[in-house]
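Q: Kindly return the folded structure for what I paste below:
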Amino acid sequence: MTDQPDGLVLTLLRDMRAGLQRVEGKLDELVRRVSSVKTNLAHVHVELAGLHVDLAGHSARMDRIDGRLDRIEKRLGLVDA
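A: Numbers count the residues shown, from 1 in each chain. Got it, this is the predicted structure:
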C-alpha cells in the first residue's frame with residue numbers, strides 16, 4: 001500500500017513535467033514568432049523612411065519645376081503678371 005501513493009505522485013509529476021515541456025515548446029515558438037515580427041517591422045520602418053525621403057525629393061523637384069513653368073508663362077505672356 002505504501003507504493004501506491006508514491007507511484008501516484010510520480011505519475012502526477014511526470015504528467016506535470018510533460019505539460020511543462022509542451023508549454024516551454026510553445027513559448028519558444030512564440031518568442032521566435034515575435035522576433036520575426038519585430039524584424040519585419042524594422043524592415044518596414046526602414047522602407048517607409050526611404051519612401052518619405054523619396055517623396056520629399058519629388059516634392060522639392062516639382063516645386064522647382066512649378067517655379068520654372070511660372071517664369072516661362074510670364075516670359076511668353078501667357079498669364080497676367
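
Q: helix, strand or coil for L78?
A: Secondary structure state of L78, per DSSP: H, G, I helix; E, B strand; the rest coil, is coil.

Q: got the phi/psi numbers for L78?
A: In terms of degrees, to the nearest 10, the main-chain angles of L78 are phi -90, psi -10.

Q: average model confidence for the helix or strand hosting V37?
A: Using DSSP states H and E, the element containing V37 is helix 3-76. Across helix 3-76, pLDDT averages out at 94.

Q: what's the spacing between that helix and its chain's center?
A: Offset of helix 3-76 from its chain centre (Cα atoms, centre = their mean, to the nearest Å): 2 Å.

Q: cool, and stretch 62-79?
A: That offset, for stretch 62-79, works out to 43 Å (Cα atoms, centre = their mean).

Q: Go ahead and produce CSV holding the CA coordinates of that stretch.
A: Written as CSV, here are the backbone C-alpha positions of stretch 62-79 (Å, rounded to 0.1, in the frame of the first residue of the first chain):
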residue,chain,number,x,y,z
MET,A,62,8.0,69.5,-58.5
ASP,A,63,8.3,72.9,-56.7
ARG,A,64,11.3,73.8,-58.8
ILE,A,65,9.5,72.8,-62.0
ASP,A,66,6.4,74.8,-61.0
GLY,A,67,8.6,77.9,-60.5
ARG,A,68,10.3,77.4,-63.8
LEU,A,69,6.9,76.9,-65.5
ASP,A,70,5.6,80.2,-63.9
ARG,A,71,8.6,82.1,-65.3
ILE,A,72,8.2,80.6,-68.8
GLU,A,73,4.5,81.5,-68.8
LYS,A,74,5.3,85.1,-67.7
ARG,A,75,8.0,85.5,-70.4
LEU,A,76,5.7,84.2,-73.1
GLY,A,77,2.9,86.4,-71.9
LEU,A,78,0.6,83.5,-71.3
VAL,A,79,-0.6,84.8,-67.9
